[in-house]
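> using only what follows, build the 3D model:
(one chain, ligands or ions: 1)
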Amino acid sequence: MRKKIVAGNWKMNKSMEEALILASEVVHMVKDEVNTDVQVIIAPPALYLTTLQKHTEAVANMGIAAQNCSNKASGAYTGEISASMLKSIGATHVILGHSERRQYFNESNEVLAEKVNIVLENGLTPIFCCGETLEQRQAEGFLEFVASQLTDSLFHLSAEEFGKVVIAYEPIWAIGTGLTASSQQAQDMHAYLRGHIAGKYGQEVADNTSILYGGSCNEKNAEELFACPDVDGGLIGGASLKSREFTNIAKSF
Ligand SMILES: O=C[C@H](O)COP(=O)(O)O
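Numbers count the residues shown, from 1 in each chain. Next comes the predicted model:
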């Protein structure tokens, strides 16, 4: 049975003081209000992970994610943070391949495959992002393009390894724009990706894979999106910076 997941990607926002307030509000609201079958993850800037992990670990259905990690194990890689370091401070998940990392930091499917490997080797859960630009959506073949991101970065994994991966479909044209994909557009892509996974790993693995939607998801549209049979939750950007709204999204199943 696949998990329902709501993850908040804080991106490069919040001071330490603000991050502590936001995390402690979210932790309290999740504990009091969110069904325990929904896993709630926060992904603050890396600098705050160690401190905030002490808050999230107190709630069984909460996790804490890094927004990125190195594709290298250790060594002379100035400025990088390794998967083993993240594991050592109690991180549970790592977001990989966000379109902002692909666009601004030139992350390729090949590098992302290496990151997926090292994250899994360290016992962390990758939240693997995929998605198309507006130009790609308006042209032929956007479903196949998004599926190819999975093929190129994930399909070298064994079925057991793939079973540990969470997918996040994030149409780039919907990120931070207020332009949400319609629930039908989200469902169509999620169903297509699930079929693509089934073609490689079989229906059981596909049925057990959580596929999250991300892109201007908020407390007003989450319920309709999460009601789609192949949408298993959300990767939330802007709306995760407000504790009340983020918690309301996690209550939208
Ligand atoms: O990782 C989150 C996504 O980029 C969505 O961001 P957004 O909810 O601000 O559109």
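> all strands for the stretch 151-253 of the chain, in order.
Secondary structure of the stretch 151-253 of the chain by DSSP state E, counting those that start in this stretch: the strands cover 166-169, 211-213, 233-236.
> let's have these in JSON lines, adding mean neighbour count.
(Each C-beta comes from the backbone N, C-alpha and C, glycine too.) Listed next are the strands of the stretch 151-253 of the chain as JSON lines, based on neighbours: other C-beta atoms under 10 Å:
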{"stretch": "strand 166-169", "mean neighbour count": "26"}
{"stretch": "strand 211-213", "mean neighbour count": "27"}
{"stretch": "strand 233-236", "mean neighbour count": "29"}
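> so for the ligand, which of the ones you listed sits nearest?
With C-beta to the nearest ligand atom as the criterion, the ligand lies closest to strand 233-236 of the strands of the stretch 151-253 of the chain, at 4.6 Å.
> alpha carbons of stretch 72-85, as PDB, please.
Presented in PDB, the C-alpha positions along stretch 72-85 are these (Å, rounded to 0.1, in the frame of the first residue of the first chain):
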ATOM      1  CA  LYS A  72      30.100  12.000  -4.000                       C
ATOM      2  CA  ALA A  73      30.600  10.000  -0.800                       C
ATOM      3  CA  SER A  74      33.200  12.300   0.800                       C
ATOM      4  CA  GLY A  75      36.400  14.200   0.200                       C
ATOM      5  CA  ALA A  76      37.600  17.400  -1.400                       C
ATOM      6  CA  TYR A  77      34.300  18.800  -2.700                       C
ATOM      7  CA  THR A  78      34.100  22.300  -1.200                       C
ATOM      8  CA  GLY A  79      30.600  23.400  -0.300                       C
ATOM      9  CA  GLU A  80      29.000  20.000  -0.700                       C
ATOM     10  CA  ILE A  81      27.000  17.900   1.800                       C
ATOM     11  CA  SER A  82      27.000  14.100   1.600                       C
ATOM     12  CA  ALA A  83      24.200  11.700   2.000                       C
ATOM     13  CA  SER A  84      26.100  10.000   4.900                       C
ATOM     14  CA  MET A  85      26.300  13.400   6.700                       C
END
